[in-house]
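Engineer: take a look and give me a structure for this.
(one chain, ligands or ions: 1)
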Amino acid sequence: MTSAQESTPPDGTTPVLVTGFDAARRMLSERRTSKVLDAAAMGLSPELGDAMLRMILFLDPPDHTRLRRMVSAAFSAAHIEALRPRIERVAAGLLDAMDGPETLDLIEVYAWPLPLQVICDLLGVPTDSREEFRAWTAIVAGGAAREHERPAQLTRLLGVIRGMIADQRVHPGDGLLTDLIAVREEQDRLSDGELTSMVFALLVGGHESTASLIGNGVFRLLEDRERWNRLRAEPGLLPTAIEEFVRFDSPLATTTYRAAAETFEFDGRTIAAGTPIGISLAQANRDQSRFPRADRLEMDRVENPHLGFGHGTHYCLGAPLARMEAQVAFAALMNRYPDLDLAVPVGELTWRSDFMRTLPSLPVRPRGTRPN
Ligand code: HEM
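Structural biologist: Now for the predicted structure:
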């Protein structure tokens, strides 16, 4: 498998796409790359550009190091574990609402709303803004057809986020945003701009990827009913099964923006300063030289150093939360609807495979019986 190859240039410069596991891992921690965006070149308004530029995902050390250190406690595995009952309540509410119709789109009623409601709950988004949040995150997440709506909608989203920060400064809540507001390190604390960008990053980074993990995983369980039955019989397999779903159908198929900060040699080729660099996590995670039987989904794969959550400096901040949400989502669904099955033949489902690997829809029958 090629480790670094050229892909189609979208903008005149020829980006490099790294695909092999070993090269991907090295490139993810390559210090001669930068994640800082050129907001002006992207045509962003100053307000939006500012919010994007302060996002943790688009900072380099030492700015990144400071921010990451300040927010990491709020995202530690122990801190996230304490949120489990709240996530279970969200899942139970969505499963209640699935009781009735013979056929449903699992993405629409479960995989997509679950992480959104969780993040809204954790951030303390006012209940009457939640529907709007749903629309906004769809826009933030992409939807090229709605490109023209983005600037105005995003500006409104930033306004609501600022309002939440101001409100929770005066009336502390019991969620992540209040925790982030309270972070102090010696004389240092997060500014309103940093907090706004952090909330923005959590929405952008945490919603669609987690929804994809849930949707992709449910599909894999139903595609081969033996898997569904096995996981129901052996719920202890859930943690390794979830890692395997992330490896096998990596939700973030290609990494976010990064470019060469200087000209450097990488695996025998020269990468010129400024060259955009993509890393295909999806291909790295199926690299036969790293994963035995890479093209087989094995829910009990114990040694699984996949790169689905990235690696190095920008390793996914929300990984403990995503894992917890997935655990709750799969367990609650299997318990509540043990006969759940696909409502269409496997061959009729279509994947979206751009930088995300995701199923836009997954028709299911909560009470079973798949058509032939
Ligand atoms: C299955 C679900 C998820 C997947 C597959 C995923 C994947 C990733 C990957 C691959 C990166 C690194 C990107 C790069 O280097 O270009 C990343 C970073 C990040 N993720 Fe996730 N993510 C998931 C869920 C979440 C959740 C639930 C949150 C928070 C609510 C979150 C917040 C972030 C943040 C803030 C970063 C940037 C970290 C930094 O720059 O230091 N993610 N994620």
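Engineer: can you give me the neighbour number for the residue in the chain that the ligand sits nearest to?
Structural biologist: Using Cβ to the nearest ligand atom, the closest approach of the chain to the ligand is made by residue 318 at 2.0 Å. Quick note: C-beta positions are derived from backbone N, CA and C, even for glycine. Using other Cβ atoms under 10 Å, residue 318 has 21 neighbouring residues.
Engineer: over to residue 72?
Structural biologist: Neighbours of residue 72 under the rule other Cβ under 10 Å: 12.
Engineer: for residue 303, same thing?
Structural biologist: Per other Cβ under 10 Å, the neighbour tally for residue 303 reads 7.
Engineer: that one falls within a helix, correct?
Structural biologist: No: Residue 303: not assigned to a helix; according to DSSP: H, G, I helix; E, B strand; the rest coil it is coil.
Engineer: give me the spatial nearest neighbour of the residue of the chain closest to the ligand, chain neighbours excluded.
Structural biologist: Once flanking residues are discounted, residue 318 sits nearest to residue 206: 4.8 Å by Cβ to Cβ, 6 or more residues apart in numbering.
Engineer: quick check, the one you found in contact with residue 114.
Structural biologist: No: with contact defined as Cβ atoms under 8 Å, residue 206 does not count as touching residue 114 (11.4 Å).
Engineer: which one's more surrounded, those two?
Structural biologist: residue 114 (26 against 22).
Engineer: pLDDT weak spots in this protein?
Structural biologist: For the chain, applying pLDDT under 70 flags the ranges 1-13, 39-40, 137-150, 186, 369-372.
Engineer: helix or strand right after the longest helix seen in it?
Structural biologist: Longest helix in the chain by number of residues (criterion: DSSP state H): helix 150-170. Next along the chain after helix 150-170, taking DSSP states H and E as the criterion, comes helix 176-182.
Engineer: which residues touch that following helix?
Structural biologist: Contact with helix 176-182 is made by 71, 73-74, 79, 122-124, 164-165, 168-169, 172, 190, 195, 198-199, 202, as judged by Cβ atoms under 8 Å, 6 or more residues apart in numbering.
Engineer: what about 6 Å?
Structural biologist: 74, 122-124, 168-169, 172 (Cβ atoms under 6 Å, 6 or more residues apart in numbering).
Engineer: quick one: which of those residues has the most company?
Structural biologist: Neighbour max across the contacts of helix 176-182 (other Cβ under 10 Å) = residue 122, 24 neighbours.
Engineer: where's that residue, which helix or strand?
Structural biologist: Using DSSP H and E, residue 122 falls in helix 113-123.
Engineer: which neighbouring elements make contact with that helix?
Structural biologist: The contact analysis (3 or more Cβ pairs under 6 Å, 6 or more residues apart in numbering; DSSP states H and E) places helix 113-123 against helix 84-97, helix 130-140, helix 176-182, helix 319-336.
Engineer: rewinding a little: test my guess that the residue nearest to residue 318 contacts residue 319.
Structural biologist: No: the pair residue 206 / residue 319 is not scored as a contact, 10.2 Å apart, by Cβ atoms under 6 Å.
Engineer: near the ligand, which residues of the stretch 251-372 of the chain are found?
Structural biologist: 251-252, 255-256, 281, 308-310, 314, 316-318, 321-322 (Cβ under 6 Å from any ligand atom).
Engineer: next step: those residues restricted to strands.
Structural biologist: The members of these all map outside strands under DSSP state E.
Engineer: how about those in JSON lines, adding distance to residue 153?
Structural biologist: Output for those, formatted as JSON lines (distance: Cβ to Cβ, whole Å):
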{"residue": "251", "distance to residue 153": "23"}
{"residue": "252", "distance to residue 153": "23"}
{"residue": "255", "distance to residue 153": "25"}
{"residue": "256", "distance to residue 153": "21"}
{"residue": "281", "distance to residue 153": "28"}
{"residue": "308", "distance to residue 153": "29"}
{"residue": "309", "distance to residue 153": "28"}
{"residue": "310", "distance to residue 153": "27"}
{"residue": "314", "distance to residue 153": "26"}
{"residue": "316", "distance to residue 153": "25"}
{"residue": "317", "distance to residue 153": "25"}
{"residue": "318", "distance to residue 153": "23"}
{"residue": "321", "distance to residue 153": "25"}
{"residue": "322", "distance to residue 153": "25"}
